[in-house]
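Enquirer: Mind looking at a prediction? Sequence and model below.
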Amino acid sequence: MDTAADSLDQEACYRAVLTRDARFDGRFFSCVKTTGIYCRPVCPARTPKRENMRFVVTAAAAEEAGFRACLRCRPETAPDLGAWRGTSNTVSRALSLIEAGALDEGDVETLAGRLGVGERQLRRLFRQHLGAAPVSVAQTRRVLLAKALIHETDLSMAQVALAAGFGSVRRFNETFQALYGRAPSALRRRADRPAGRGVRLTLSYRPPYDWNAMFAALTARGDRVEGQVWSRDLDRVRDGATGFVTATPGDAGRVSVCVEVDDLKALPGVLARVRRVFDLSADPEAIARDLSADPGLGPLVEARPGLRLPGAWIDDGEDAPSDRLADEALVARAERWRPWRAYGALYLGLESLLPVAGGDGAAGGSYTSRPQARRAYAA
């Protein structure tokens with residue numbers, strides 16, 4: 001299914017919603033005209049009639065059109081995918097900056113300047129790929145992060161407003177009143193929460209995920225890893241606050257993150273960098289589909305599903321990490337791998353670590369060399 005904002009197949013979306021097909025979770029959102037609510041494709045609520053629904057590629061497009069997030073399926077917990085990823089480096093870089101809080105205090109003109117494009121061009125690209133304006137994307141990010149903090153933490157509403165990037169508690173309250181018709185505190189459901197320091201949240205991703213390979217790569221480059229717990233100290237100059245962050249695999253499709261900072265305004269930026277380090281926005285289905293067209297990559301992708309690219313904590317690169325290629329010898333061959341050239345190179349680098357019969361790489365099985373795979377690669 002083509003999920004670009006300007007070519008979204010509305011009928012295909014409806015068929016996916018009818019079957020609650022989890023493969024499309026995070027790829028688009030369903031807007032219900034009769035209720036004014038937007039949902040994930042997997043929402044357990046009764047499916048409305050086709051004529052009462054429209055589909056958009058991002059939560060921001062839904063909210064800009066006047067729809068509010070469903071309280072049952074919680075769109076803020078959907079995998080952060082988007083089939084537009086890789087189609088526009090400018091949009092990708094802009095979103096990374098917005099996710100880190102670039103529009104919480106700055107404006108679109110300043111953001112465009114940082115990207116080296118005009119403000120009008122940036123707005124046009126956002127409309128084309130996301131179906132919403134940059135300010136709408138930033139507002140939706142604040143709202144969905146605030147909802148996650150309300151549901152998953154015991155932070156006060158004033159702390160939630162600060163941590164989510166709202167300029168004031170008044171603006172926070174007014175936004176939620178306009179979207180949900182109630183105060184933000186009314187959305188909190190009391191539940192037992194694990195005791196401990198810091199803000200504890202879960203971030204979503206789309207399985208499969210080869211955690212052993214990721215932790216091995218992070219350890220090899222010098223990150224602090226103990227078992228399957230990654231941690232990092234935070235610096236005020238670089239991160240906007242002092243403190244620490246930890247991340248560890250949680251339930252299927254979730255990463256458990258704990259952030260302790262002396263300034264909650266730094267939270268959005270820290271979470272954005274955790275997502276980048278663990279490559280949580282990757283779309284393994286699209287990567288496998290496109291790379292498998294290469295006869296040499298096909299068996300490698302099949303043998304090691306869920307490989308991710310360990311990202312840099314600070315990344316100022318102008319191109320998308322997924323499409324970066326350092327090996328000049330691969331340039332000609334890798335042209336057909338776009339926008340996943342970096343993943344193709346990653347699989348090439350691990351071709352001698354295919355799982356032996358009966359082994360399960362993603363679950364910690366053993367690996368051995370596969371000469372036949374290397375011969376196929378050479379072809």
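Expert: Good, I have the coordinates.
Enquirer: all helices for the stretch 101-250 of the chain, in order.
Expert: 102-105, 108-115, 119-130, 134-152, 157-164, 169-180, 211-220, 236-239 (DSSP state H, counting those that start in this stretch).
Enquirer: Quick one: mean pLDDT for the fourth one?
Expert: It stands for helix 134-152. Per-residue pLDDT over helix 134-152 has a mean of 92.
Enquirer: hmm, back to that, nearest to Y343, out of the helices of the stretch 101-250 of the chain?
Expert: helix 211-220 (12.2 Å; C-beta to C-beta). Where you see a C-beta, it was placed from the backbone N, CA and C, and this is true even at glycine.
Enquirer: what packs against that closest one?
Expert: The contact analysis (3 or more C-beta pairs under 8 Å, 6 or more residues apart in numbering; DSSP states H and E) places helix 211-220 against strand 224-226.
Enquirer: can you pull the pLDDT of G296?
Expert: Note for G296: predicted pLDDT of 89.
Enquirer: Sorry, wrong one. I was asking about L291.
Expert: Looking at L291, its pLDDT reads 93.
Enquirer: With adjacent residues omitted, what lies nearest to it?
Expert: Leaving aside its sequence neighbours, L291 sits nearest to L297 (C-beta to C-beta, 6 or more residues apart in numbering; 4.6 Å).
Enquirer: didn't the one you found look like it was pressed against Y343?
Expert: No - at 9.0 Å, L297 does not count as touching Y343 under the criterion of C-beta atoms under 8 Å.
Enquirer: what about stretch 336-347, start to end distance?
Expert: Length of stretch 336-347, first residue to last, C-alpha to C-alpha, to the nearest Å: 15 Å.
Enquirer: beta partners of V225?
Expert: W230 (DSSP bridges).
Enquirer: For it, give its distance to R232.
Expert: From V225 across to R232, the span is 10 Å (C-beta to C-beta, to the nearest Å).
Enquirer: just G113 next, same as before
Expert: Taken as C-beta to C-beta, the span from G113 to R232 is 30 Å.
Enquirer: Comparing these two, which residue is more hemmed in?
Expert: Comparing G113 with R232 by neighbour count (other C-beta atoms under 10 Å), the higher total belongs to R232, at 18 against 14.
Enquirer: coming back round to it: what residues are shared contacts of L297 and Y343?
Expert: L291, W337 (C-beta atoms under 8 Å, 6 or more residues apart in numbering).
Enquirer: Give me the below-cutoff pLDDT ranges for the stretch 1-150 of the chain.
Expert: Applying pLDDT under 70 to the stretch 1-150 of the chain picks out residues 1-6, 81-88.
Enquirer: which residues of it fall in strands?
Expert: Ranges of strands within the stretch 1-150 of the chain are 29-32, 37-39, 53-56, 68-69, based on DSSP state E, counting those that start in this stretch.
Enquirer: So which elements touch the first one?
Expert: Counting contacts by 3+ C-beta pairs under 8 Å, 6+ apart, strand 29-32 is packed against strand 37-39, strand 53-56, helix 59-64.
Enquirer: Redo those as CSV? Include mean neighbour count and distance to G167.
Expert: Formatted as CSV, the helices and strands packed on strand 29-32 follow (neighbours: other C-beta atoms under 10 Å; distance: least, C-beta to C-beta, whole Å):
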stretch, mean neighbour count, distance to G167
strand 37-39, 25, 25
strand 53-56, 22, 27
helix 59-64, 25, 18
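Enquirer: quick one: R46 and E11, what's the gap?
Expert: For R46, the distance to E11 - C-beta to C-beta - is 20 Å.
Enquirer: Mind checking which of those two has more residues around it?
Expert: Here R46 and E11 are compared on neighbour count by other C-beta under 10 Å; more neighbours surround E11, at 9 against 5.
Enquirer: Show me the beta-bridge partners of the closest residue to R200 other than its chain neighbours.
Expert: Excluding the flanking residues, the one nearest R200 by C-beta to C-beta, 6+ apart is C258, at 5.0 Å. Under the criterion DSSP bridges, C258 forms beta bridges with R200, T246.
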